[in-house]
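[1] Sequence first, predicted model second:
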Amino acid sequence: MRTSNGGRKSKGARELLGTRPSSLLAEAARGRVDELGISMSDYLAILLAHDLGMPEYAPKTNILIRQMELPIADVA
């Protein structure tokens, strides 16, 4: 029987969610994941986890979550 010693550790059970954003939004997202050095899947999962108030389910990455906060101006 062959056992695997290579590759990365499993992230556990996962579900596929699909989206079809506009081309401009998709391009901006690709630029952001390149800047952060993470996968699109991890990027979207982090955004979902924080939006839904479930940050403990966000993928563990080498980036700081505060780097992903959107620069939203205060409206007074």
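    Now that the structure is in, tell me what you want to look at.
[2] how about stretch 29-39: buried residues?
    29, 36, 38 (16 or more other CB atoms under 10 Å). Every residue, glycine included, has its C-beta placed from N, CA and C.
[3] Helices - which of those land there?
    29, 36 (DSSP state H).
[4] need the buried residues of stretch 29-39 in TSV with distance to N5 and pLDDT, can you?
    Listed next are those as TSV, based on distance: CB to CB, whole Å; pLDDT from 0 to 100:
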residue	distance to N5	pLDDT
A29	34	96
L36	30	91
I38	25	93
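[5] Do a quick rundown of the helices in the protein.
    Under DSSP H, the chain gives helices at 23-36, 40-51.
[6] Out of these, which is closest to L16?
    Checking those against L16 by CB to CB gives helix 40-51 as the closest, at 9.3 Å.
[7] Quick one: mean pLDDT for that closest one?
    When pLDDT is averaged along helix 40-51, the result is 94.
[8] Need the contact partners of it.
    Helix 40-51 is contacted by residues 17, 19, 29-30, 32-33, 36, 38, 55-59, 61, 65, 68 when judged by CB atoms under 8 Å, 6 or more residues apart in numbering.
[9] got it, and stretch 14-24?
    With CB under 8 Å, 6+ apart, stretch 14-24 has contacts from 29, 44.
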